[in-house]
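Chemist: here is the input, now give the coordinates:
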Amino acid sequence: MRIFVDSDSCPSQVREIIVKAAERTKSLSFFVANHKIPHGTNAYTHDIIVEEGKDKADNYIAEHATEHDIAVTRDILLAERLVQKNVAVVNDRGNLYTAENIRERVSIRNYMLELAQNGLKTEESGTFGKKELYLFANAFDSLITRKLKGEKDES
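Modeler: Okay, the predicted model is just below:
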C-alpha cells in the first residue's frame, strides 16, 4: 500500500496526519505537486515535483496509483479517474469517493461550475477546522486499516 497526496490543495494538518500514518504503517507516501509543499518528513515520505501545467500532478497520481493504494485529493475529476482504477480515494474532509457515489459527485461539481461560469454565486466549501480534520482522520484510518487487512489476507 502506498499513499498518494494531491498536495497543493491539501491542508497542512491533513499532510501531518498522512506523514504520521505513513511512518506508523511503514507505507510509502508521495506528496505530488508542481512545487515543494511543506510537510513533516520521515523515511517513508517523498516529494514528487512535476513540471508546471494543468493536471500534471493529477496525471502523475493517476498513472502511478494502483488498486492497492490510497489517494488523498479534493479534485473530483482526479477522484473519478482513480475510482475507475479501483484506487481508494478520500478528500481532506473525510469524504470517500467510491464507484457508487463518484458519478453524483462529478455531476454536482459540473453543475456548480456551470452556475459559477454563468455569474451565479455558489456556496463555498466553508472553513477547515477541527470537525473536518476529525472526519478526515477517521476516514483515512479506516481506509488504511482495510487496505492493510486486505493485503494480509491476500498473502
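
Chemist: now stretch 80-100: how far from the chain's centre is it?
Modeler: Distance, stretch centre to chain centre, for stretch 80-100: 8 Å (Cα atoms, centre = their mean, to the nearest Å).

Chemist: just the buried residues of it, please?
Modeler: 80-83, 87-97 (16 or more other Cβ atoms under 10 Å). Using the backbone N, CA and C atoms, a C-beta is placed for each residue, glycine as well.

Chemist: quick one: mean pLDDT for that stretch?
Modeler: The pLDDT scores in stretch 80-100 average 95.

Chemist: just the CA trace of that stretch, in PDB.
Modeler: Provided in PDB are the C-alpha atoms of stretch 80-100 (Å, rounded to 0.1, in the frame of the first residue of the first chain):
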ATOM      1  CA  GLU A  80     -13.200   9.800 -10.700                       C
ATOM      2  CA  ARG A  81     -10.100   8.700 -12.700                       C
ATOM      3  CA  LEU A  82      -8.700   6.900  -9.600                       C
ATOM      4  CA  VAL A  83     -12.000   5.200  -8.600                       C
ATOM      5  CA  GLN A  84     -12.200   3.800 -12.200                       C
ATOM      6  CA  LYS A  85      -8.800   2.100 -11.400                       C
ATOM      7  CA  ASN A  86     -10.200   0.800  -8.000                       C
ATOM      8  CA  VAL A  87      -7.900   3.100  -6.000                       C
ATOM      9  CA  ALA A  88      -9.300   4.100  -2.600                       C
ATOM     10  CA  VAL A  89      -9.900   7.800  -2.600                       C
ATOM     11  CA  VAL A  90     -10.700  10.200   0.300                       C
ATOM     12  CA  ASN A  91     -10.800  14.000   0.300                       C
ATOM     13  CA  ASP A  92      -9.400  16.200   3.100                       C
ATOM     14  CA  ARG A  93     -12.800  16.400   4.800                       C
ATOM     15  CA  GLY A  94     -13.200  12.600   5.100                       C
ATOM     16  CA  ASN A  95     -15.500  12.000   2.200                       C
ATOM     17  CA  LEU A  96     -14.800   8.700   0.500                       C
ATOM     18  CA  TYR A  97     -15.200   8.600  -3.300                       C
ATOM     19  CA  THR A  98     -16.500   5.200  -4.500                       C
ATOM     20  CA  ALA A  99     -17.900   3.600  -7.600                       C
ATOM     21  CA  GLU A 100     -21.300   4.100  -6.000                       C
END
